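Novice: Predicted model, plus sequence, below.
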Amino acid sequence: MIDTKRRVVLKGSLAVGAIGAAAAGFGLLTPGMAFADWSKAAFTAKTVDAGLKDLLGTSSHEASDKVKVTAPEIAENGAVVPVTVQADMDGVESISIIAPNNPTPVIASFDMGPGGIGFASTRIKMAKTGKVIAVAKVGDKLYSGSKEVKVTIGGCGG
Amino acid sequence: MANTIRIRAKVTDGITEVKALITHPMDNGLAKDKKTGKLIPAHFIKEVVCKWKDKPVMTAYWSGAVSRNPYIAFKFKGASKGDKVELSWSDNKGESDSKTATIG
């Protein structure tokens, strides 16, 4: 008797779980329609060019002094490197942050909405000394800026 | 995963700056557990969305190379004081959280 009740309860919770999962699935899909989805290819690409191509459709970018990257000269701890990107141009659609010397160089990408401004700030992990590249997408063009950061202790593993 | 987000939004001259701190391990799947020597499985936030009036003003896509307990800041135009912005994240394990803040 007790056992049957337990079965019923279990079945009930399973059904609820399935509905919940389905609802979550829809919830994730709907916002994805308006914007590009999380690109597995881009975030697991081993080179900057492959990553950029998967993320933004092209790997050719033009260096511009309007894209400014602010990061420390020397990062004592590669696990926490503060990076701020300022792109002083109109109509910035996205800003991507890339560390070419990381095992997977593409770190983050920020898509701006219609009222977006070319500004993004976050903290990243760096495996070793190297450049931090920021790529701003304006229309079909990519503009980039970079900054050399010296890493004393790598932050990508142990 | 309750209360993982701290968010602040401020408008100056028509430009709203949103700053947020999220509590999350951001494991990239490459680091080893120092005690067991085994790889710590990947567990990181993939997407952060900030909405104003139900429209996304910023969508961030991340890899596991964003630091633990991530910080994010960005700006957008159009909002005014007293408006609400909602920030939400979701990770590779399907966990998520969201929080609404009033623009000051």
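Specialist: Right, received. Where do you want to start? Residues are numbered from 1 along each chain as shown, chains lettered A, B, ... in the order given.

Novice: and chain B, which residues reach chain A?
Specialist: Residues of chain B found near chain A (CB under 8 Å from any CB of the partner chain) are B:15, B:28, B:30-32, B:34, B:46-47, B:49, B:55-63, B:65-68, B:70-79, B:90, B:94. Using the backbone N, CA and C atoms, a C-beta is placed for each residue, glycine as well.

Novice: Just the buried ones out of those, please.
Specialist: Neighbour counting by 16 or more other CB atoms under 10 Å in any protein chain shown classes B:28, B:30-31, B:46-47, B:49, B:56-63, B:65-68, B:70-76, B:78-79, B:90 among the residues of chain B next to chain A as buried.

Novice: Sheet partners, orientation included, of the biggest strand by length in chain A?
Specialist: Using DSSP state E to define each element, chain A has its longest strand at strand A:141-153. Sheet pairing of strand A:141-153 (DSSP bridges) gives strand A:62-63 (parallel), strand A:74-77 (parallel), strand A:130-138 (antiparallel).

Novice: Which one of those lies nearest to A:Ser96?
Specialist: A:Ser96 sits nearest to strand A:130-138 of all these, at 4.6 Å, using CB to CB.

Novice: Can you show me the CA trace of the closest one as CSV?
Specialist: The C-alpha coordinates for strand A:130-138 follow below in CSV (Å, rounded to 0.1, in the frame of the first residue of the first chain):
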residue,chain,number,x,y,z
GLY,A,130,49.9,38.2,-24.7
LYS,A,131,47.5,40.5,-26.4
VAL,A,132,43.9,41.1,-25.5
ILE,A,133,42.0,42.0,-28.7
ALA,A,134,38.7,43.7,-28.8
VAL,A,135,36.7,43.6,-32.0
ALA,A,136,33.8,46.0,-32.6
LYS,A,137,31.3,45.1,-35.3
VAL,A,138,29.8,48.1,-37.1
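
Novice: centre of the chain versus that strand, how much separation?
Specialist: Centroid displacement of strand A:130-138 relative to its chain, using CA atoms, centre = their mean, to the nearest Å, is 12 Å.

Novice: Let's check: the centremost residue of chain A is which one?
Specialist: By CA atoms, centre = their mean, chain A has its centre lying nearest to A:Ala108, at 2.2 Å.

Novice: Find out how far the one helix or strand it maps to is from the centre of the chain, if you would.
Specialist: Secondary-structure assignment from DSSP states H and E places A:Ala108 in strand A:106-112. The chain centre lies 4 Å from the centre of strand A:106-112; the measure is CA atoms, centre = their mean.

Novice: residues making contact with it?
Specialist: Outside strand A:106-112, the residues that touch it by CB atoms under 8 Å, 6 or more residues apart in numbering or on different chains are A:35-36, A:42-43, A:45, A:48, A:51-52, A:55, A:92-99, A:118, A:120, A:122, A:124-125, B:56-63, B:65-66, B:74, B:76.

Novice: Can you list which of those residues are found in strands?
Specialist: A:92-98, A:118, A:120, A:122, A:124, B:56-62, B:74, B:76.

Novice: residues near B:Asp33, how many?
Specialist: 10 (other CB atoms under 10 Å in any protein chain shown).

Novice: Apart from its neighbours in sequence, what residue is nearest it?
Specialist: Leaving aside its chain neighbours, B:Asp33 sits nearest to B:Ile40 (5.5 Å; criterion: CB to CB, 6 or more residues apart in numbering or on different chains).

Novice: same thing with B:Asn69?
Specialist: B:Thr23 (5.5 Å).

Novice: B:Arg68 too?
Specialist: Nearest non-adjacent residue to B:Arg68 (CB to CB, 6+ apart): B:Met26, at 4.7 Å.

Novice: I figured the one you found hits B:Phe44, correct?
Specialist: Yes. Here B:Met26 reaches B:Phe44: they are 4.7 Å apart, a contact under CB atoms under 8 Å.

Novice: quick one: common contacting residues for the two?
Specialist: In terms of CB under 8 Å, 6+ apart, B:Met26 and B:Phe44 are both contacted by the residues B:64, B:66.
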